[in-house]
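J.: Quick one: sequence and predicted model below, then my questions.
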Amino acid sequence: MLPLSLLRAASNSPMLVELKSGDTYNGRLTNCDAWMNLNLRDVICTSKDGTKFWKMPECYIRGSSVKYLRLPEDVVDKVPEDDGHKHKGYGRGNGGG
């Protein structure tokens, strides 16, 4: 299973995103791209120390600033089975070099 496949399957699911800065964003995933940039809606942002909260209708999170993501377990069942097989045979093997 590829990480982008998992994110695409998580569309409209609730998720928690922690940034490298320590701030957390809880919201629903509306979109993601190949660089794992995320668009969330109905977002609650919590400061690193947990003392400040902001409610936002939507936000954009740059993929390079993400530390980790937490998704519901049932999202794994939504990932298409054949998605990881597209690149079969292109890995490092014993052949031709």
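T.: Cool, got the structure.

J.: Show me how far stretch 53-68 is from its chain's centre.
T.: 11 Å (C-alpha atoms, centre = their mean, to the nearest Å).

J.: Ignore what I typed, I meant stretch 17-37.
T.: 6 Å.

J.: can you offset everything so residue one is 729?
T.: Sure, I'll start counting at 729 from here, so that last one is stretch 745-765.

J.: The helix or strand hosting residue 797 pairs with which strands, and in what direction?
T.: In this structure, residue 797 sits in strand 794-798 according to DSSP states H and E. Using DSSP bridges, the strands paired with strand 794-798 are strand 742-747 (antiparallel).

J.: Next, the contact list for the residue lying closest to residue 806 once chain neighbours are set aside, please.
T.: Closest residue to residue 806 apart from its sequence neighbours, by C-beta to C-beta, 6 or more residues apart in numbering: residue 737 at 4.0 Å. (Glycine included, C-beta is placed from N, CA and C.) By C-beta atoms under 8 Å, 6 or more residues apart in numbering, residue 737 lies in contact with 803, 804, 806, 807, 808.

J.: returning to what we had before: what is the mean pLDDT for the strand holding residue 797?
T.: For strand 794-798, mean pLDDT is 94.

J.: next one: stretch 773-780
T.: 96.

J.: rewinding a little: quick check: buried residues in the strand holding residue 797?
T.: 794, 797 (16 or more other C-beta atoms under 10 Å).

J.: Run the chain-centre distance for that strand.
T.: That offset, for strand 794-798, works out to 7 Å (C-alpha atoms, centre = their mean).

J.: Using CSV, list the CA coordinates for that strand.
T.: Provided in CSV are the C-alpha atoms of strand 794-798 (Å, rounded to 0.1, in the frame of the first residue of the first chain):
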residue,chain,number,x,y,z
VAL,A,794,3.9,17.3,8.5
LYS,A,795,5.4,15.2,11.2
TYR,A,796,2.7,12.5,11.2
LEU,A,797,-0.9,11.8,10.4
ARG,A,798,-3.6,9.8,12.3
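
J.: ok, and what's touching it?
T.: Taking C-beta under 8 Å, 6+ apart as the rule, strand 794-798 contacts 735, 743, 744, 745, 746, 747, 748, 764, 766.
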